[in-house]
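Peer 1: Here you go, sequence then predicted model.
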Amino acid sequence: MEQAMRRHFFHHSEEGLDAEKKRCHWCQIRTFATHSRYPITIVNNEDDTMIQSNFRFMEESIRADDIEPTRKEFLTGCECKEDKDCRYDNCTCLQDVEDESSDDGDDDSDIESEEDGSFEQWYRKYERKKKYAYYSNGPKVGHLRSKMLASGNPIYECHESCICSPDCSNRVVERGRQVPLQIFRTGNRGWGVRSTVDIKKGQFVDKYMGEIITAEEAARRRAQSHIAQKKDVYLFALDKFSNPDSFDERLRGPPLEVDGEFISGPTRFINHSCDPNLRIFARVGDHADKHIHDLAFFAVRDIPRGEELTFDYVGGVDDSDMDALDPEKQRDMTRCLCGSKKCRGYLW
Ligand SMILES: C[S@@+](CC[C@H](N)C(=O)[O-])C[C@H]1O[C@@H](n2cnc3c(N)ncnc32)[C@H](O)[C@@H]1O
């Protein structure tokens, strides 16, 4: 690690090392648009292990060649002329929000403060339901509402086809990661991830990135995988909107999957905890792209800088909880080393 780091810092400004620089993880993360403000760093104070050389850091997911982009004529955005209108149910980006009452009494008093004039005030307060996922005022602005955090419901954001401005407050994930992350060597679970700044409950951390592939390709990769741990640990199905009755044929079939094993961002190194501090949400921009929704990590509680970031790989209880009670099955199961008081004992 030391040697590779030296090579990067002392030689990678030289000409003619293109092939070597392409494989260098520090060179890869240096190309991120966010590098100067929210850098990714890699540290290993445990041993000499390096991140595997066939891994490549990417800032965004990439689509496999056989996944067609959505045709332009199907893309639609909202027509809210004023950004503040993108919080209410007349913003078409919010038309599919599941919970009608996301105006949940949390301290978010923009209705009162936005406008004077009695009719306008009455209209805002009683006729329009606030539907979007984030707080819009006060110290929690841009953080996911507590009700949303608990629900796990998908997040619908404004996006590039919308008329609202890039400053619209319904564009949190779209704006990208705004915390510096550090990939560090843990004592017993390989690499892990932490932030070098405090993170607040409800704050967006980053997306899970990887290669977006078809279900058939994912099945082929599972079958061919030789890694000791499950290949599934790197594969996320984009199935939040899968529905056999959907009018969109892309949502009727088996979902696309994201493979982050060899191409991904820093979140691919986040370990599991049975008492996690992050939760993963489906985030949709254009409604025509539901089949290719983002996977966005948000903090479920305040996280002090330096605390390892974790999420629950199996989303709480699953079949392995029952298997863990069976000594026969325990032999084939992977022990969980999260160390939390709520540890269920096994990963799967
Ligand atoms: C997505 S990777 C996370 C990054 C990984 N630690 C690394 O070094 O690349 C998942 C793998 O990390 C390890 N891991 C993650 N959480 C763990 C936990 N709570 N207990 C034991 N191993 C864990 C397991 O080997 C698992 O297959």
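Peer 2: Thanks, I have the structure now.

Peer 1: For the residue of the stretch 151-300 of the chain found nearest the ligand, give me its contacts.
Peer 2: For the stretch 151-300 of the chain and the ligand, the shortest gap (Cβ to the nearest ligand atom) falls at residue 190, measuring 2.4 Å. C-beta here means a position set from N, CA and C on the backbone, and glycine is covered the same way. Going by Cβ atoms under 8 Å, 6 or more residues apart in numbering, residue 190 touches 49, 269, 271.

Peer 1: how about TSV for the residues you listed, with secondary structure, pLDDT and distance to residue 62 added?
Peer 2: Compiled in TSV, the contacts of residue 190 are given as follows (DSSP: H, G, I helix; E, B strand; the rest coil; pLDDT from 0 to 100; distance: Cβ to Cβ, whole Å):
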residue	secondary structure	pLDDT	distance to residue 62
49	coil	93	27
269	helix	98	18
271	strand	97	24
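
Peer 1: For ChimeraX, write the selection for the buried entries among those residues.
Peer 2: To isolate in ChimeraX the members of the contacts of residue 190 that are buried, counting by 16 or more other Cβ atoms under 10 Å, one can use:
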select :269,271
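
Peer 1: Specify which member of the contacts of residue 190 is nearest to residue 291.
Peer 2: residue 269 (26.7 Å; Cβ to Cβ).

Peer 1: how much space is there between the closest residue to that closest one other than its chain neighbours and residue 53?
Peer 2: Counting by Cβ to Cβ, 6 or more residues apart in numbering, residue 191 is the residue found nearest to residue 269 once chain neighbours are left out, at 4.4 Å. Taking Cβ to Cβ, to the nearest Å as the measure, residue 191 and residue 53 are separated by 14 Å.

Peer 1: Who has more neighbours out of those two?
Peer 2: When neighbours are counted by other Cβ atoms under 10 Å, residue 191 and residue 53 differ, and residue 191 comes out ahead with 20 against 10.

Peer 1: Surely the more buried one is in contact with residue 51?
Peer 2: Yes. With contact defined as Cβ atoms under 8 Å, residue 191 counts as touching residue 51 (6.7 Å).

Peer 1: what ranges do the strands span in the stretch 101-250 of the chain?
Peer 2: Listed in chain order, the strands of the stretch 101-250 of the chain (DSSP state E, counting those that start in this stretch) span residues 155-156, 181-185, 191-195, 204-207, 211-213, 235-237.

Peer 1: and the ones you listed as a markdown table, adding distance to residue 131 and mean pLDDT?
Peer 2: What follows is those, written out as a markdown table (distance: least, Cβ to Cβ, whole Å; pLDDT from 0 to 100):
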| stretch | distance to residue 131 | mean pLDDT |
| --- | --- | --- |
| strand 155-156 | 8 | 96 |
| strand 181-185 | 31 | 98 |
| strand 191-195 | 30 | 98 |
| strand 204-207 | 18 | 98 |
| strand 211-213 | 28 | 97 |
| strand 235-237 | 26 | 95 |
